[in-house]
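**Student:** quick one: sequence and predicted model below, then my questions.
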Amino acid sequence: EAGVAQSPRYKIIEKRQSVAFWCNPISGHATLYWYQQILGQGPKLLIQFQNNGVVDDSQLPKDRFSAERLKGVDSTLKIQPAKLEDSAVYLCASSLEPRANTIYFGEGSWLTVV
Amino acid sequence: AQSVAQPEDQVNVAEGNPLTVKCTYSVSGNPYLFWYVQYPNRGLQFLLKYITGDNLVKGSYGFEAEFNKSQTSFHLKKPSALVSDSALYFCAVRDYNFNKFYFGSGTKLNVKP
């Protein structure tokens, strides 16, 4: 079974530029999550989708971050304009349904803002 | 409020010795508890979980965890550590009512040959 796919793996941008990350969840997984992991910290949920609807985006900095999952499968997370403090790993994860016991993570997209 | 605490930033152990990585939690209702491992430049990999039943849960790569309700703990253990176990370990608790995962800050495990 294929896992959660993410791209790009690594990205370096200058502050005030924009960046987009793509995620394809495990086939059949209705719930998709984007987490931000800053070095030395645990993952922090940015946004959670159920199919193509948003379940929780309370910690998403909406002035600069946006995410969509238009067809209920793959998803894109965008940052515009980027700040230095956005340097982090952006982890996509998926689960079968909202109350599934386990969520599965992709390899992550590593962002450095200089 | 739901939360997870990993009191040790780093744990050092010699290869072949037993290891313990500590986790305590706070959650209303029944806890659903998880351990994940993160190797350098990789995503988080699921190790094991406690939902209900036996307090001793067995997982991947020879790891196990013991759920202790009275101490609100869910410590990760392995009888004999390997150098390849060196990684970052995260404890997580799921709030069933709101379906949110709360992650600890992580513990770096160093296994020396």
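**Tutor:** Sure, I can see it.

**Student:** all helices for chain B, in order.
**Tutor:** For chain B, helices defined by DSSP state H do not occur.

**Student:** interface residues of it facing chain A?
**Tutor:** Applying Cβ under 8 Å from any Cβ of the partner chain, we find that chain B lies next to chain A at B:4, B:32, B:34, B:36, B:41-46, B:49, B:51, B:90, B:94, B:96, B:99-101, B:103-106. The way it works is simple: take the backbone N, C-alpha and C, and place the C-beta from them, glycine included.

**Student:** can you give me the buried ones in stretch A:54-66?
**Tutor:** Using 16 or more other Cβ atoms under 10 Å in any protein chain shown as the test for burial, stretch A:54-66 gives A:55-57, A:60, A:65-66.

**Student:** contacts with chain B among the residues you listed, please.
**Tutor:** Okay, of those touching chain B (Cβ under 8 Å from any Cβ), that's A:55-56.

**Student:** what about residue 83, how many residues nearby?
**Tutor:** No chain in the question, so chain A it is. The tally of other residues near A:Lys83 (other Cβ atoms under 10 Å in any protein chain shown) stands at 12.

**Student:** let me rephrase: I mean chain B.
**Tutor:** Applying other Cβ under 10 Å, I find that B:Val83 has 12 neighbouring residues.

**Student:** run through the residues that contact it.
**Tutor:** B:15, B:111-113 (Cβ atoms under 8 Å, 6 or more residues apart in numbering or on different chains).

**Student:** packing partners of the helix or strand containing A:Leu46?
**Tutor:** Assigning secondary structure by DSSP states H and E places A:Leu46 in strand A:44-50. Judged by 3 or more Cβ pairs under 8 Å, 6 or more residues apart in numbering or on different chains; DSSP states H and E, strand A:44-50 is in contact with strand A:31-37, strand A:53-56, strand A:65-68, strand A:75-79, strand B:100-103.

**Student:** quick one: contacts for residue 111?
**Tutor:** Using chain A. Applying Cβ under 8 Å, 6+ apart, the residues contacting A:Leu111 are A:11-13, A:19, A:21, A:79, A:82, A:86-90.

**Student:** that's the wrong chain, I meant chain B
**Tutor:** Counted by Cβ under 8 Å, 6+ apart, B:Val111 has contacts B:13-15, B:19, B:81-86.

**Student:** again, only this time at 6 Å
**Tutor:** Neighbour list for B:Val111: B:13, B:15, B:81, B:83, B:85-86 [criterion: Cβ atoms under 6 Å, 6 or more residues apart in numbering or on different chains].

**Student:** per-residue pLDDT, A:Arg99?
**Tutor:** Looking at A:Arg99, its pLDDT stands at 69.

**Student:** scan the helices and strands of chain B for the one with the lowest mean pLDDT.
**Tutor:** None of the helices or strands of chain B scores lower by mean pLDDT, DSSP states H and E than strand B:100-103, at a mean of 84.
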